[in-house]
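Visitor: Sequence below, structure please.
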Amino acid sequence: MNECQIALTGNPNSGKTTAFNGLTGANQYVGNWPGVTVERKEGKWKQKKNVLIQDLPGIYSLSPYTPEEVIARDFLLEQQPEAILNIVDATNLERNLYLTTQLIETGIPVVVCLNMMDIVEKSGKQINFQKLAYSLGTKVVGISAVKKRNLDEAVEKTLQQVESAEEINYPQYDKRLEAALNEITGVLGTTVSKKQARFYSVKLFERDPQIQKTLRLNSEQQKEIEEIIKITEKIFNDDSETIVINERYDFIARLTALCAIEEDELKLKLSDKIDQIVTNRWLALPIFALVMWLVYYLAIQTIGTLGTDWVNEELFGSIIPNTVQSWLDNWQVAGWMQSLILDGILAGVGAVLGFLPQLAVLFLCLGFLEDCGYMARIAFVMDRMFRKFGLSGKSFIPMLIATGCGVPGVMASRTIENEKDRHMTIMVTTFMPCSAKLPIIALIAGAFFPNSSWVSPSAYFLGIGAIILSGIGLKKTKIFAGDPAPFIMELPAYHLPQLKNVIRYSYDRSKAFAKKAGTIIFVSSIIIWFTSTYTFTLQEAEGDQSILAAAGRLIAPIFAPLGWGNWQGAVATITGLVAKENVIGTFGILFGHVEEVSENGQEYWQALQSAFTPVAAYSFLTFNLLCAPCFAAIGAIRRELPDLKWLAGAIGYQCGLAYVVSFIIYQIGHVIFENGTLGFGTLLAIILIFTGIYLLIRKPKNLGKTPVGVLPITEKG
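Guide: Residues are numbered from 1 along each chain as shown. The predicted structure follows:
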């Protein structure tokens, strides 16, 4: 048999990824679909290497509401795999079979895998496989992806389905609808293949704009089809899309009533009992806060920190530098090259890789929570609050993670299915003060506000405020406006996580961090080292004669309206782009020539106070909190956004917002707290405040309705 390609499809949280890992093992490849950041996985079946399994994104339907649905539909229609292996959550047949009916209509042979049959059996439910297979016209296999039960049998039946080439029996709906679909099929004629005629007829009846555009029907065909649709709409007294949706659910309701037998319908599942507590209106947030505190404690403060401290202090602090130093000395490498390798590359890359142990533990904890089913509940709980600000409930997780480090915070945005929500979350997540920004907060608070306890907490309020206000404002712009994204969420049954899946989750994301962020830091470290070590004449720099200092003097006037127009502040901001901790070390060199600088920079407080006023210092703090993050985080943003235009827009928005907020703080604060004079800057700051208020309260550019047929999640507890 030649190479056979099988598409693995299913709803989110149906166990599709677990099934894919069980079928392919190590024979899988991870990348991105062309042009988008949606993850693409393909692998070879462990039993036969000529069977290629394509893991399509988790979707609820083949209607193009999300990038994942567009990708899945395009792949099935254009690539035409030999068969579809449809993973169905057997504990929630009605919701999952909606996608199944659409998959069957593509004309591609489908095998339905009823997953989680072990849970179904424990709950006292029985499913008649023969009746379900007969009604759907497909083969049906009961599996347990977690326990790897019947997985290989499912692929074997899929291959048999391909070889048998049996005629496909489509789900049958109301006779009046079937008559309309047959007429549309007749109008299409040879425009589409007989195999795909059913799918295109249904989609044309629904007035699917992408399908209409793809087929390019002539005016006569379009007119005939529209007349058929209008007549049918009058008969049903409803719009065409709703007719199809209702008929699908009616068909599924009859099917499940025929095939599913409940022994105790009043029996409350263990998952439901747990959800009464963890999704309770009053208990959900405290429980979530406790869970995430524990995750943060393990990853950032204890286990992860032990690894990070060892990597920073031992591995990159002495072992690697001393070893490399001895090699370079033995090889008699030139002094400038030794400085580049030791002070530039190893110091820069080592600073980033030092975060790796913390990130690995963090991803391990998140993988555990996701695999057991808890993360789906958190998105549900937070959605009610975040939707008021134009963000998805799933946006909360990246923002929380970003308090530890912006890089995993940005990468965690992949859990957000809606493209617009994901892009917006990526743009605002790094406003949260990460651990690398804490030294800057400590420096400004200690040097300028030693008796004020509000400065440090205000940094977090600034970040949260910037996120909320950005969500409200950006949602009203043309690029983010449009139909509100429907929040569809399956709450999967709780189960023990699979250690192999959790480790793979952590490994894949840690590897991506080291590969992508590390390469950017490698290049940037060389640039920073060179510009801070040499003059424009390539002489070793002394004092403030370096290329970096010259660049600082060149751009310093840009920051003058913010109260810190000296070149030292500009240079510190530039080096802070490599790693925010660099701000402290840079000030130590520029203001006091201090070789060893404590975390809060106490050694040069007095020199710093002579260069900044308190309000200017707080303006400096604000700008560095809100502006573009470090290069590692920028690298992560670049990886998650579609192209360089989006990256430039994200960085531009972050720096622009940081500049405006810092400008307002200094211009207003200088007048109120430092007896400054009213001037054009003050007037402009007031205008900017009112402009911001207008942008927040104005009506959105374009509001639509929630797509018909998409079922929003209902509240529990």
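Visitor: Same question for the longest helix anywhere in the chain: list its buried residues.
Guide: Secondary structure of the chain read by DSSP state H shows that its longest helix is helix 644-673. By 16 or more other CB atoms under 10 Å, the buried positions in helix 644-673 come out as 646-647, 650-651, 654, 657-671. Every C-beta, even on glycine, is put in place using the N, C-alpha and C of the backbone.
Visitor: Show the subsequent helix or strand relative to the helix or strand bottoming out on mean pLDDT in the chain.
Guide: Confidence across the helices and strands of the chain bottoms out at strand 260-262, with a mean of 60, counting by mean pLDDT, DSSP states H and E. Downstream of strand 260-262, the first helix or strand assigned by DSSP states H and E is helix 270-278.
Visitor: from the middle of its chain, how far away would that next one be?
Guide: 27 Å (CA atoms, centre = their mean, to the nearest Å).
Visitor: Please identify the buried residues of that helix?
Guide: Within helix 270-278, judged by 16+ other CB under 10 Å, the buried ones are Ser271, Asp275, Val278.
Visitor: again with stretch 607-623
Guide: Those buried within stretch 607-623 under the rule 16+ other CB under 10 Å are 607-608, 611-623.
Visitor: so how far is stretch 58-76 off the chain centroid?
Guide: With CA atoms, centre = their mean, you get 17 Å for stretch 58-76.
Visitor: whoops, I mixed them up, stretch 420-431
Guide: Per CA atoms, centre = their mean, the displacement of stretch 420-431 from the mean C-alpha position of its chain is 9 Å.
Visitor: now what about it, what contacts it?
Guide: Stretch 420-431 is touched from outside by 37, 390-392, 394-395, 398-399, 402, 406, 409-410, 413-414, 416, 462-464, 466-467, 470-471, 474-475, 480, 482, 485, 625-626, 628-629, 633, 637, 640-641, 646, 649-650, 653-654, with contacts defined as CB atoms under 8 Å, 6 or more residues apart in numbering.
Visitor: which stretches of the stretch 201-350 of the chain have low pLDDT?
Guide: 261-270, 296, 300-301, 312, 347-350 (pLDDT under 70).
Visitor: Let me see the confidence value for the closest residue to Gln5 other than its chain neighbours.
Guide: Among residues not flanking Gln5 along the chain, Pro81 sits closest, at 4.4 Å (CB to CB, 6 or more residues apart in numbering). With respect to pLDDT, Pro81 has a value of 92.
Visitor: Next, Pro81: phi, psi?
Guide: Reported as degrees, to the nearest 10, the phi and psi values for Pro81 are phi -60, psi 160.
Visitor: So what's the residue count around it?
Guide: 22 (other CB atoms under 10 Å).
Visitor: Please apply the same query to Glu370.
Guide: Here the count is done by other CB under 10 Å, and Glu370 has 21 residues near it.
Visitor: Does Thr691 lie in a helix or a strand, and which?
Guide: Under the criterion of DSSP H and E, Thr691 resides in helix 680-697.
Visitor: Any figure for the gap between the residue nearest to Gln5 and Ile108?
Guide: Using CB to CB, to the nearest Å, Pro81 is found at 6 Å from Ile108.
Visitor: Need the residues touching each of the two.
Guide: Shared contacts of Pro81 and Ile108, defined by CB under 8 Å, 6+ apart, comprise Ala7.
Visitor: For Leu99, which residues are in contact?
Guide: Thr9, Gly10, Asn11, Ile59, Tyr60, Ser61, Leu62, Asn86.
Visitor: what about 7 Å?
Guide: Residues near Leu99 by CB atoms under 7 Å, 6 or more residues apart in numbering: Asn11, Ile59, Tyr60, Ser61.
Visitor: And the helix or strand hosting Pro439, how far out from the chain middle?
Guide: Taking DSSP H and E as the definition, Pro439 sits inside helix 438-448. Here helix 438-448 is found 32 Å from its chain centre; the criterion is CA atoms, centre = their mean.
Visitor: Show me what the next helix or strand along the chain from it is packed against.
Guide: Once helix 438-448 ends, the next helix or strand along the chain (criterion: DSSP H and E) is helix 455-474. Applying 3 or more CB pairs under 7 Å, 6 or more residues apart in numbering; DSSP states H and E, one finds that helix 455-474 contacts helix 419-429, helix 438-448, helix 614-626, helix 680-697.
Visitor: what sits up against the next helix or strand after helix 455-474?
Guide: Going down the chain from helix 455-474, the next helix or strand is helix 499-512, by DSSP H and E. Applying CB under 7 Å, 6+ apart, the external contacts of helix 499-512 come out as Thr18, Asn21, Val30, Leu356, Leu359, Ala360, Phe363, Leu364, Gly367, Phe368, Asp371, Met411.
Visitor: Sounds good, over and out.
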